[in-house]
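> quick one, fold the following:
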Amino acid sequence: MNQDFQLFPGQASRVARDVDNLFWYLTTIATFFTILIFVLIVYFAVKFRRRSESYVPPATKTHAKLEILWSVIPFIIVMTIFVWGARVYFLILRPPATALDIHVVGRQWMWKVQHPTGPREINSLHLPAGKPIELTLASQDVIHSLYIPAFRVKMDVLPGRYTQISFTPTKTGEYHLFCAEYCGTLHSGMIGKVVVMQEQEYQDWLARTPSDLAPVDAGASLFQSMACVTCHGSVAPTLHGLYESNVKLTTGETVIADEQYIRESITDSTAKIVDGYKPIMPSFRGQVSEEELMQLVAYIKSLKSDRPGAPSDQNPPLPLRPTPGQEETR
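Sure thing, here's the model as predicted:
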């Protein structure tokens, strides 16, 4: 018999214990009520069986206390599940401001990863232990689902929109990375690894790993090479200070300029027209890849200055020439 068999992989993130505790709570509740209902069915079937054709059962009586009891107890149980589940959900979906934002693009059939300072990797994800991580996920083709069992996190990766997931690795080591959504004939081969290392080891790995431009810098280069700078701030809305601001549309409604809004404004420029401006921006759908969209969004998010047309202290000025991108292959 294999003594190393584990029902679940070891917990390797801060949220893993919360997920496991909730799972066992749900399993216990389901098991208890399954057994209880089965026993009561057998008991009542025997006790209240019809003993003869002439037997007339007595009229049933309403028990108010019993009615209240079997209404209140299930309500308390389901509300406990709701509150507990919501807490775990928000732990996974709401990263702290200090989280390390890593871009992940799923495509048939690989995971393409880019770190904030520029290093790229395919089908592997290197992370520092003890540091909050936020993965910004996008799909280049079909629906995928990023799943790291040891971290107890899984998130669908959808074409046409961004999804995010956050966690904090707690143990160094190497862990499995899967696609948990059938995405085509080679779905089973869309696997990878997550390597968690100490902070200094992670910094050393970044330093020795071949690197492209950081997403913000690559986005700045694209912004100029695609001539976006010629319109925004004059005939088009300024992008400085846009991220997470309230944007009033020609329809009268107000939306928050999050990552999804910025992405949609690039790929479907007439979907939401800013109040006071005309729908003159062309659509860039199909002209930029998901990785380039992520880079443009990262650049626009970095524009913190409120002065139209002026880069902030936190954001480098636009480069004079675009830097050619490099296409990765398996």
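> pLDDT of whichever helix or strand S71 is part of, averaged?
Using DSSP states H and E, S71 sits in helix 64-93. Here helix 64-93 scores 91 as its mean pLDDT.
> who are the packing partners of that helix?
Packing partners of helix 64-93 (3 or more C-beta pairs under 8 Å, 6 or more residues apart in numbering; DSSP states H and E): helix 14-47, strand 163-167. (C-beta placed from N, C-alpha, C; glycine too.)
> now do the shortest one: distance to the chain's middle.
For strand 163-167, the distance from its own C-alpha centre to the chain's C-alpha centre is 4 Å (C-alpha atoms, centre = their mean, to the nearest Å).
> beyond that strand, next helix or strand please.
Sequence order places strand 173-179 as the next helix or strand after strand 163-167, per DSSP H and E.
> before we move on, the earlier item: mind putting the helices and strands packed on helix 64-93 into JSON lines with mean neighbour count?
Formatted as JSON lines, those follow (neighbours: other C-beta atoms under 10 Å):
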{"stretch": "helix 14-47", "mean neighbour count": "12"}
{"stretch": "strand 163-167", "mean neighbour count": "20"}
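> make CSV out of the ones you listed and add mean pLDDT and distance to P149.
Compiled in CSV, those are given as follows (pLDDT from 0 to 100; distance: least, C-beta to C-beta, whole Å):
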stretch, mean pLDDT, distance to P149
helix 14-47, 93, 9
strand 163-167, 92, 12
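> closest to P74 out of the ones you listed?
Minimum separation from P74 across the helices and strands packed on helix 64-93 (C-beta to C-beta) falls at helix 14-47, 9.0 Å.
> next, the angle from the closest one to strand 163-167.
Angle, helix 14-47 to strand 163-167, by axes from the mean of the first three to the mean of the last three C-alpha atoms, to 10 degrees: 100 degrees.
> could you pull out the helices for this structure?
14-47, 64-93, 199-208, 215-225, 259-267, 290-302 (DSSP state H).
> S139: which of those helices is closest?
For those, the distance to S139 is smallest for helix 290-302, at 7.1 Å, taking C-beta to C-beta.
> picking up where we left off before, nearest to V235, out of the helices and strands packed on helix 64-93?
Nearest to V235 among the helices and strands packed on helix 64-93 is strand 163-167 (32.6 Å), distances taken as C-beta to C-beta.
> re earlier: for the helices and strands packed on helix 64-93, which one sits closest to P282?
Closest among these, using C-beta to C-beta: strand 163-167, at 26.8 Å.
> given the closest one, what are its sheet partners and their directions?
Here strand 163-167 is paired, per DSSP bridges, with strand 133-139 (antiparallel).
> distance from the partner strand to the middle of the chain?
6 Å.
> for it, list the C-alpha coordinates in PDB.
What follows is strand 133-139, C-alpha atoms only, in PDB (Å, rounded to 0.1, in the frame of the first residue of the first chain):
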ATOM      1  CA  ILE A 133       0.100  37.600  -6.100                       C
ATOM      2  CA  GLU A 134      -2.500  38.800  -8.500                       C
ATOM      3  CA  LEU A 135      -2.900  37.000 -11.800                       C
ATOM      4  CA  THR A 136      -4.600  38.900 -14.600                       C
ATOM      5  CA  LEU A 137      -5.900  36.300 -17.000                       C
ATOM      6  CA  ALA A 138      -6.900  36.500 -20.700                       C
ATOM      7  CA  SER A 139      -7.600  33.900 -23.400                       C
END
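> what's it in contact with?
By C-beta atoms under 8 Å, 6 or more residues apart in numbering, the residues outside strand 133-139 that reach it are 95, 99-107, 127, 146, 155, 157-159, 161-169, 259, 290, 293-294.
> among those, name the buried ones.
Among those, those scoring as buried are 95, 99-107, 127, 146, 155, 157-158, 162-169, 259, 290, 293-294 (criterion: 16 or more other C-beta atoms under 10 Å).
> follow-up on the earlier one: how about the helix holding S71: buried residues?
Buried residues in helix 64-93, defined by neighbour count with 16+ other C-beta under 10 Å: V88, L91, I92.
> for stretch 223-232, same thing?
The neighbour-count check on stretch 223-232 (16+ other C-beta under 10 Å) flags F223, Q224, M226, C228, H232 as buried.
> what does stretch 260-270 give?
Buried residues in stretch 260-270, counted by 16+ other C-beta under 10 Å: Y261, I262, R263, S265, I266, T267, S269.
> let me have the helices of the chain in TSV, adding distance to T250 as columns.
TSV is the format used below for the helices of the chain (distance: least, C-beta to C-beta, whole Å):
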stretch	distance to T250
helix 14-47	41
helix 64-93	31
helix 199-208	45
helix 215-225	24
helix 259-267	13
helix 290-302	21
